[in-house]
Structures are given as structure tokens and as C-alpha cells.
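*Asks:* Below are the sequence and a predicted model; questions follow.
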Amino acid sequence: MIKRIWHGWTDPGMADTYAHVLTTQVIPGIEAKAIPGYLGIEVLRRNLETGVEFITIMSFRSLDDIIAFQGPEYERSYVPDAARDVLKRWDLISQHYELEDARSYE
């Protein structure tokens, strides 16, 4: 499994707006593409002194599935215009990690 990790930052006053755009437009838009090998997405949020950071962690079965999503320049970030309108800055390049181990404790 490959994890695609991306960071975006916004002002505190725009954080809820960005979260809404992300969960009602961006993620459903990705899911509507029915990308083979796409396994899901996690969204993390953290308040900082300088603003609010969001991290998305997308899961794919393989790097080939990410290339099907993004094309040959698969490392470039996917930031639709609706998200760009409310973000202050964002990663231009997404990081990709192979999942080495995962454990769950309850």
C-alpha cells in the first residue's frame, strides 16, 4: 500500500470553510473519479500559532494507481480551485510512502 501525504495551511478564520470545501467538494470529486486502487482518505487538522494546518493521507494499492490518478507527474499536488481560494499555502509536491507496518489497538 502507498500513502500519499499532502499539507495545506489556512488562516484560522478560513479553517472551517476549507474543511467544508474539502469534505463536500474535493473528496467527493476524487471519489467520483472511481480511481482503481484508491482505498480512501484521512484528514488531519492542527491549530498552530500561525494558522491551521490540514494534512490529507490518501491510500492506494500501488504507485501505478496514483499515476492513474495524477498522470506521469504523479508527485504534483492535486488542489482544485475551490480549495486554492481558501488556502494560504500548500505543498506543491505530495510525498509518497510505502506502508511498512500497520497495527491497531483498542
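*Replies:* Nice, thanks for sending it over. The structure displayed is predicted, hence computed values, not measured ones.
*Asks:* packing partners for the lowest-mean-pLDDT helix or strand in the chain?
*Replies:* For the chain, using mean pLDDT, DSSP states H and E, the weakest element among its helices and strands is helix 63-70, scoring a mean of 90. Here helix 63-70 touches strand 2-10, going by 3 or more CB pairs under 8 Å, 6 or more residues apart in numbering; DSSP states H and E. To be clear about C-beta, it is placed using only N, CA and C from the backbone, and glycine gets the same treatment.
*Asks:* How about the strand it packs on, which residues are buried there?
*Replies:* For strand 2-10, the neighbour count (16 or more other CB atoms under 10 Å) marks Ile2, Lys3, Arg4, Trp6, His7, Gly8, Trp9, Thr10 as buried.
*Asks:* Rebuild those as CSV, extending it with distance to Ile57.
*Replies:* Listed next are those as CSV, based on distance: CB to CB, whole Å:
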residue, distance to Ile57
Ile2, 11
Lys3, 6
Arg4, 7
Trp6, 8
His7, 10
Gly8, 13
Trp9, 16
Thr10, 18
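*Asks:* who's the closest residue in space to Arg89 that isn't next to it in sequence bridged to?
*Replies:* Nearest non-adjacent residue to Arg89, counting by CB to CB, 6 or more residues apart in numbering: Trp9, 5.2 Å away. Counting by DSSP bridges, Trp9 forms beta bridges with Glu53, Arg89.
*Asks:* Might one say that Trp9 is in contact with Phe54?
*Replies:* Yes. Shown here, Trp9 and Phe54 form a contact pair, counting by CB atoms under 8 Å, at 7.4 Å.
*Asks:* any idea of the pLDDT on the residue at minimal distance from the centre of the chain?
*Replies:* By CA atoms, centre = their mean, the chain has its centre lying nearest to Thr56, at 3.3 Å. pLDDT for Thr56: 97.
*Asks:* Let me see the ranges of the helices in the protein.
*Replies:* Using DSSP state H, the helices of the chain run over residues 15-21, 27-32, 63-70, 81-84.
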